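[1] Provide a 3D model corresponding to the input given below.
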Amino acid sequence: EDGFLDEEEYDEGAAELGLEVEESAPGVNTGGQAWAESALAAARTVLAAPALANLELYVFRALPGLQKLDIRLDRLDDAYGSPSIDDIEKFSRMLFLELDAVMGAEAAGQVSLEVSSPGADRTLRLPQDLARFGSLPLRVDHTAAPGSAPTSQVLVLAEWREAEGLTRWRLADVRANAPVKGRKLSKRQKEMTFDIPLAAITRARIHVDF
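    Next up, the predicted model:
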């Protein structure tokens with residue numbers, strides 16, 4: 001009645017695509033739905049406007065059972081890629097108008113939107129996000145061999161050898177790596193490096209040091 005979806009309804013829609021409800025991995029998934037393809041084209045048209053020049057899609061995901069779109073925006077000139085509330089509101093207004101224009105008011109009115117930021121601990125798109133976010137502490141999950149259990153470390157990128165597909169990292173000077181609570185990394189820890197093939201990295205995301 002209030003126009004909002006309860007958690008059970010949202011979970012059911014996400015399950016139709018085999019997605020975790022809190023999944024925040026970047027990418028586009030229209031679920032093979034014509035209405036979602038039209039909405040994706042509309043979103044790209046809106047983001048081409050000069051007023052939104054610094055924004056791009058981080059996630060565009062359709063939940064067909066709910067006729068709902070989960071959209072997360074990336075702000076390219078922000079250190080963490082976080083859009084402002086004004087960015088989100090402006091994009092939402094412009095997208096509603098564009099959907100009305102391309103789909104018609106009745107069809108557009110059946111589509112619900114959830115527009116947000118990628119989140120503080122956003123997952124990186126590899127390898128293209130390495131240069132952009134490599135100076136930040138990153139939670140890097142990687143495997144020593146195919147099929148082995150992943151190791152998770154909080155690291156800072158020291159070097160990206162693109163031609164070799166090899167990354168070199170140092171320990172991030174954050175509480176998660178502190179040898180004793182309240183202490184900084186030792187000199188030895190700061191000098192440690194870790195060479196990890198890009199292919200061995202299963203996930204990398206911004207580390208929030210709470």
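
[2] longest helix in the protein, by number of residues?
    helix 85-103 (DSSP state H).

[3] same for that helix, what does it pack against?
    On a contact count with 3 or more CB pairs under 8 Å, 6 or more residues apart in numbering; DSSP states H and E, helix 85-103 meets helix 34-47, strand 68-75, helix 105-109, strand 112-116. To be clear about C-beta, it is placed using only N, CA and C from the backbone, and glycine gets the same treatment.

[4] out of these, which is the most enclosed?
    strand 68-75 (a mean of 22; mean count of other CB atoms under 10 Å).

[5] what ranges in the protein fall below the confidence cut-off?
    Applying pLDDT under 70 to the chain flags residues 1-24, 210.

[6] ok, A158 touching A172?
    No: the pair A158 and A172 fails to qualify as a contact (CB atoms under 8 Å) at a distance of 10.9 Å.

[7] more neighbours: these two, which one.
    Between A158 and A172, counted using other CB atoms under 10 Å, the more crowded position is A172 (21 against 14).

[8] once you drop chain neighbours, what's closest to the more buried one?
    P137 (3.6 Å; CB to CB, 6 or more residues apart in numbering).

[9] figure out how far the longest strand belonging to the chain is from the centre of its chain.
    Longest strand of the chain, by residue count under DSSP state E: strand 151-161. Centroid separation between strand 151-161 and its chain, computed with CA atoms, centre = their mean, to the nearest Å, is 18 Å.

[10] try stretch 101-108
    Relative to its chain's centre, stretch 101-108 lies at 28 Å (CA atoms, centre = their mean).

[11] give me the residues contacting that stretch.
    By CB atoms under 8 Å, 6 or more residues apart in numbering, the surrounding residues in contact with stretch 101-108 are W35, S38, A39, A41, A42, F96, L99, D100, V111.

[12] could you redo the last one with a cut-off of 6 Å?
    Stretch 101-108 is contacted from outside by S38, A42, L99, D100, using CB atoms under 6 Å, 6 or more residues apart in numbering.

[13] and the end-to-end length of that stretch?
    Stretch 101-108 has its terminal residues 9 Å apart, counting by CA to CA, to the nearest Å.

[14] show me which residues of stretch 158-172 are buried.
    Within stretch 158-172, the residues scored as buried using 16 or more other CB atoms under 10 Å are W160, T167, W169, R170, L171, A172.

[15] need the contact list for the fifth one.
    Spelled out, it's L171. By CB under 6 Å, 6+ apart, the residues touching L171 are N177, Q189, M192.

[16] and those residues, which are buried?
    By 16+ other CB under 10 Å, the contacts of L171 give N177 as buried.

[17] among the contacts of L171, which ones are in helices?
    Those of those lying in helices (DSSP H): Q189.

[18] how close does the residue nearest to A172 sit to F60?
    Per CB to CB, to the nearest Å, P137 is found 28 Å from F60.
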